[in-house]
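>>> sequence? don't have it. structure:
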């Protein structure tokens, strides 16, 4: 197995961020449509993006497109993405 698939990161969300993010994801699951309905959801997503930017090195790699495609393939079980 590729060692990249075994890597993990931890993100710390406030309880407010976690609750708003949970509801946003639950709505996506129920409707199969991802939409931002208000300022709180938008801010929560921006905060999550900032946390990911602090943790991830892949987005700043020359081969980001390849890394992204490989990650998507691993997460989809190798199906075409």
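That came through fine. Since the structure is predicted, the reported quantities are computational estimates derived from the model, not experimental observations.

>>> so for the helix or strand of the chain with the lowest mean pLDDT, what gets flagged as buried?
Ranked by mean pLDDT, DSSP states H and E, the weakest helix or strand in the chain is helix 64-75, scoring a mean of 95. For helix 64-75, burial by neighbour count (16 or more other CB atoms under 10 Å) applies to residue 67. Every C-beta, even on glycine, is put in place using the N, C-alpha and C of the backbone.

>>> now stretch 41-58
Neighbour count says stretch 41-58 has 41, 44, 45, 47, 51, 58 buried, by 16+ other CB under 10 Å.

>>> what's the offset of that stretch from the middle of its chain?
Mean-position distance between stretch 41-58 and its chain equals 8 Å (CA atoms, centre = their mean, to the nearest Å).

>>> cool, and stretch 18-30?
So, by CA atoms, centre = their mean, the centroid of stretch 18-30 is 13 Å from its chain's centroid.

>>> which residues touch it?
13, 34, 35, 36, 37, 40, 41, 44, 45, 48 (CB atoms under 8 Å, 6 or more residues apart in numbering).

>>> what do you get if the cut-off is 7 Å, keeping everything else the same?
13, 34, 40, 41, 44, 48 (CB atoms under 7 Å, 6 or more residues apart in numbering).
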